[in-house]
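In: Fold the following, please.
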Amino acid sequence: MEPTYFSFLDNNVVAALVNGNGPHPQRLAEYIRLKFRTPVGLVPVLRRDLDAVLRRMRITEVEVAVPAERLDRELVGGDWVAALDGARSLSHDGVIRIGLSVGQKGDAFYKASFSEHVRTLVDQLRQATGFGDLTTARVAGSVRGDRQVVDLINDRFVERVDVDPDKFGDPERATNYARDVLTAVADRTKDYLEGTLPVAPASYIALGDFDEAIDNEQQRPT
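Out: Okay, here's the model as predicted:
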């Protein structure tokens, strides 16, 4: 398995240099939760203005699919794993699919409360350790009467970069090189991130505070 490299940026943004053979970025949050007993989560940034759209959206539909062998309470979360496990017998080609929707019946208060419940489930899903294992994660709803659809997987904010594979042979050299790559990407996307993401509240845990602690933990003799 290839390593995944992280860089802690301003406003609690975490940049990750990954490839198809490395751990998903959500593993960092899992590591911090278990190692430092700190309740943190990572939520993928969406491209364009979709983060703002998702915050304003009155969610009415959610569609999720995950490979059956990756269905695990710790990876997907308790509420989701119960629903997905219930649909296991309907899986096709080893993939379990479910959809949630706000029905036409019921009064406005019921629909609004159910929509907020679905939003909570979506927030939990985006922070789930196994989010990277999902094959489908789509949210639909309306913003001021206009229908909107957000694909939580394909609409993630991803910068594709070419790297020099020869620089990943030595761990220390690879770390320094990955840091340079992530710094360059952060500089290039700074305006986008500042204009897209809300300012992290002061009450939030500053993930950058774990940078030195993680380095010390990695260097500790085993």
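
In: Lowest mean pLDDT among the helices and strands, pick that one out for this protein.
Out: Within the chain, no helix or strand scores below helix 73-76, which has a mean of 63 by mean pLDDT, DSSP states H and E.

In: other SSEs contacting the lengthiest helix in the chain?
Out: Counting by DSSP state H, the longest helix found in the chain is helix 171-196. In terms of contacts (3 or more C-beta pairs under 8 Å, 6 or more residues apart in numbering; DSSP states H and E), helix 171-196 is packed against strand 5-8, strand 14-17. For every residue, glycine as well, the C-beta is placed using N, CA and C.

In: so what does the last one touch, helix or strand wise?
Out: To tie it back to what came earlier, the one meant is strand 14-17. strand 5-8, helix 171-196.

In: next SSE after the host helix or strand of residue 82?
Out: Residue 82 belongs to helix 78-86 when assigned by DSSP states H and E. For helix 78-86, the following helix or strand on the C-terminal side (DSSP H and E) is strand 95-101.

In: In this structure, where is pLDDT below threshold?
Out: Counting by pLDDT under 70, the ranges of the chain that qualify are 1, 73-78, 104-106, 212-222.

In: Contact partners for the nearest residue in space to residue 189 that is not next to it in sequence?
Out: Closest residue to residue 189 apart from its sequence neighbours, by C-beta to C-beta, 6 or more residues apart in numbering: residue 159 at 6.4 Å. Taking C-beta atoms under 8 Å, 6 or more residues apart in numbering as the criterion, residue 159 is in contact with 185, 188-189.

In: ok and the longest strand seen in the chain relative to helix 78-86, angle-wise?
Out: Scanning the chain for the longest strand, with DSSP state E as the assignment, gives strand 58-67. Following axes from the mean of the first three to the mean of the last three C-alpha atoms, to 10 degrees, one obtains 60 degrees for the angle between strand 58-67 and helix 78-86.

In: from the chain's centre, how far out does strand 58-67 sit?
Out: 15 Å (C-alpha atoms, centre = their mean, to the nearest Å).

In: residues of it that come out buried?
Out: Buried residues in strand 58-67, counting neighbours by 16 or more other C-beta atoms under 10 Å, are found at 58-60, 62-66.

In: Quick one: residues in contact with it.
Out: 76, 80, 84, 94-102, 112, 115, 118-119, 121-122, 125, 130, 133-143.

In: same thing with stretch 113-132?
Out: Identification of contacts with stretch 113-132 by C-beta under 8 Å, 6+ apart yields 24-27, 29-30, 41-44, 54, 58-60, 62, 64, 66, 70, 72, 74-77, 79-80, 100, 102, 106, 134, 137, 139, 141, 152.

In: From those, list the buried ones, please.
Out: So, by 16+ other C-beta under 10 Å, the buried ones in those are 24-27, 29-30, 41-42, 44, 54, 58-60, 62, 64, 66, 70, 75-77, 80, 100, 102, 134, 137, 139, 141, 152.

In: quick revisit: tell me which element the residue nearest to residue 189 is part of?
Out: Per DSSP H and E: residue 159 is located in neither a helix nor a strand.

In: in the chain, what residue sits furthest out from the centroid?
Out: Most distant from the centre of the chain: residue 107, at 33.1 Å, with distances by C-alpha atoms, centre = their mean.

In: ok, now how distant is that residue from residue 86?
Out: Distance, residue 107 to residue 86, by C-beta to C-beta, to the nearest Å: 27 Å.
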